[in-house]
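# Output the structure for:
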Amino acid sequence: MFKKLDETLEKFNEMGIPSWDILVMKDGEQVYRRYDGFSDYEKTVPLCGKERYNLYSCSKPITCTAALQLYEKGLFSLDDDLALYMPEFADMKVLNPDGSITKAKNRIKIKHLFTMTGGFDYNMDSSAVRAFKADTNGICPTRKFMEYLADLPLFFEPGTKYRYSLCHDVLAALVEEISGMRFADYVKKNIFDPLGMTHSTFNMPDNELDTICAQYRSNEEKGVIENVGKRIMWYKLGSEYESGGAGCISTTEDYVKFTEAMRKGDIILSTETIDLMASNHIAPEVDTSEMGLVSKGYTMGLGVRCPAPGRPDNTDFGWGGAATSYLAIDRKNAISFFFAEHVIGGPNFALSRGLHRIIKDCYGLE
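Residues are numbered from 1 along each chain as shown. Take a look at the predicted model:
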């Protein structure tokens, strides 16, 4: 039945991918599980399926779910000004294309954080980041970073353009501000513990690094896949920094507990809120020239890709990560899955983004 999926995964081996792991659920039952490769750089320890992975941007749906739990409690509105909760964002400036800096006309709304339309970028070596690291001696508390980020000008007026950015890191800080808890603690209490995700965290101690699967980076220039160590690259600014956009560590089995909870609804988030999350929140006038999702028939929901209007062939919502991991939640067809890999910019990156379509094809689904 899963011949096409098997063939695709075999291609990953042919491409030199050191290891990968996939778990597919259908109608609440595990219907496919396969993993291959090694969990160490020396390729002496075969994968066992319990390895942890740096999720990078697959962290984002978890962060947005955490924030939406607070939304469900009526603790904020999507149209609220961010500055109501974080005053440092009250008087933002915008860097114009001609290099001039002017006062922002629009306020950053909380909905702009979800949809990556807040005006930020993804520069992890900005003057603000460098100052933050220096001033906090490498501790870098999540909420504190926002004071530094707010000192930088925005790159466009909030709400006018999509740009992949630190928006979800800001959202994690907002969760801290509203809940009064550290972000990692909030997620553990309200998502990981209720779902039994015992191997997942946004704040892993160094003494557990050996539980992480070997991590690599694809070097197109050299034509090799190179060892880059087991730590989160770029996005872990300091010992207390919990990146909502890229800081989660988890296992395949744990993450599927999350995808299934979101598929079923009324477990960690109501079905009504999941409907809201998985629907289009990009207005027609928003510049989407940098949104690669558009060419594939998707748009942006509240922190997840979702089907673009008029594209009934796309039935899933979800996201992907820099190390090639990928998730899809398909409520129409009662499917969810998580594909784990640890190669940043892997040569199979584009192919991995087609796994949901392949799984549907295996079932003969439109």
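# tally of neighbours for Met92?
23 (other C-beta atoms under 10 Å). Every residue, glycine included, has its C-beta placed from N, CA and C.
# How about it, nearest residue that isn't a chain neighbour?
Distance criterion C-beta to C-beta, 6 or more residues apart in numbering; nearest residue to Met92, sequence neighbours excluded, is Ala104 at 4.3 Å.
# got the buried residues for stretch 227-236?
228, 230, 232-233, 235-236 (16 or more other C-beta atoms under 10 Å).
# what's the closest of these to Ala283?
Tyr235 (28.9 Å; C-beta to C-beta).
# Can you give me the separation between the closest one and Asn190?
22 Å (C-beta to C-beta, to the nearest Å).
# do the same with Cys306
From Cys306 across to Asn190, the span is 23 Å (C-beta to C-beta).
# just Phe89 next, same as before
Counting by C-beta to C-beta - Phe89 and Asn190 are separated by 25 Å.
# Sketch out the helices for the stretch 251-366 of the chain, chain order is fine.
Taking DSSP state H, counting those that start in this stretch, the helices of the stretch 251-366 of the chain run over residues 252-264, 271-277, 349-352, 355-363.
# As a markdown table, those with mean pLDDT would be great.
Listed next are these as a markdown table, based on pLDDT from 0 to 100:
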| stretch | mean pLDDT |
| --- | --- |
| helix 252-264 | 98 |
| helix 271-277 | 98 |
| helix 349-352 | 96 |
| helix 355-363 | 97 |
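# so the residue nearest to Met92 makes contact with Gly119?
Yes - applying C-beta atoms under 8 Å, one finds Ala104 in contact with Gly119, separated by 7.5 Å.
# what residues are shared contacts of the two?
92, 94, 154, 157-158 (C-beta atoms under 8 Å, 6 or more residues apart in numbering).
# wait, which of the residues you listed is closest to Asn207?
Of the shared contacts of Ala104 and Gly119, the one sitting nearest to Asn207 (C-beta to C-beta) turns out to be Leu154, at 39.5 Å.
# From Phe120, how far off is the closest one?
7 Å.
# list the contacts for the closest residue to Leu209 other than its chain neighbours?
Take Leu209 and drop its neighbours on the chain: the residue closest to it by C-beta to C-beta, 6+ apart is Lys230, 5.1 Å away. Going by C-beta under 8 Å, 6+ apart, Lys230 touches 54, 209, 212-215.
# which among the residues you listed end up buried?
The buried subset of the contacts of Lys230 (16+ other C-beta under 10 Å) comprises 54, 212-215.
# For Lys3, state which of these is nearest.
Lys3 lies nearest to Cys213 out of the buried ones among the contacts of Lys230, by C-beta to C-beta, at 26.9 Å.
# Just the CA trace of the helix or strand of the chain with the lowest mean pLDDT, in CSV.
Between all helices and strands in the chain, the lowest mean by mean pLDDT, DSSP states H and E belongs to strand 224-227, at a mean of 90. Presented in CSV, the C-alpha positions along strand 224-227 are these (Å, rounded to 0.1, in the frame of the first residue of the first chain):
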residue,chain,number,x,y,z
VAL,A,224,29.1,17.1,1.3
ILE,A,225,26.9,16.7,4.4
GLU,A,226,29.0,17.9,7.3
ASN,A,227,28.9,17.4,11.1
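# for that strand, which positions count as buried?
So, applying 16+ other C-beta under 10 Å, buried residues of strand 224-227: Ile225.
# Walk me through which strands it pairs with, and which way each runs.
The strands beside strand 224-227 in its sheet (DSSP bridges) come out as strand 216-219 (antiparallel).
# for the partner strand, which positions count as buried?
Within strand 216-219, the residues scored as buried using 16+ other C-beta under 10 Å are 216-218.
# Repeat that for stretch 263-271.
263-264, 267-269.
# Kindly indicate which of the residues you listed lies nearest Val31.
Among these, and counting by C-beta to C-beta, the member closest to Val31 is Arg263, at 13.6 Å.
# pretty sure the closest one contacts Ile329?
Yes - with contact defined as C-beta under 8 Å, Arg263 reaches Ile329; the gap is 5.0 Å.
# Give me the common contacts of these two.
Ser336.
# which stretches of the stretch 51-200 of the chain form helices?
60-72, 110-114, 127-135, 142-149, 167-179, 183-187, 193-195.
# Strands of the chain, start to end?
19-26, 29-37, 52-54, 93-95, 101-103, 216-219, 224-227, 249-251, 298-300, 305-307, 317-320, 326-330, 335-341, 343-344 (DSSP state E).
# Lowest average pLDDT across those strands?
Among the strands of the chain, strand 224-227 carries the lowest mean pLDDT, a mean of 90.
# Check what contacts it and list those residues.
Residues contacting strand 224-227 (C-beta under 8 Å, 6+ apart): 16-18, 41, 214-219, 343, 346-347.
# ok now it, how far from the chain's centre?
Offset of strand 224-227 from its chain centre (C-alpha atoms, centre = their mean, to the nearest Å): 23 Å.
# switch to numbering from 556
Sure thing, new numbering starts at 556, so read that last one as strand 779-782.
# Most widely separated two among the buried ones among the contacts of Lys785?
Longest span within the buried ones among the contacts of Lys785, C-beta to C-beta: Asn609 and Ala769, 11.2 Å.
# just curious, which of the buried residues of stretch 782-791 is nearest to Ser805?
The closest of the buried residues of stretch 782-791 to Ser805 turns out to be Ile787 (C-beta to C-beta; 12.2 Å).
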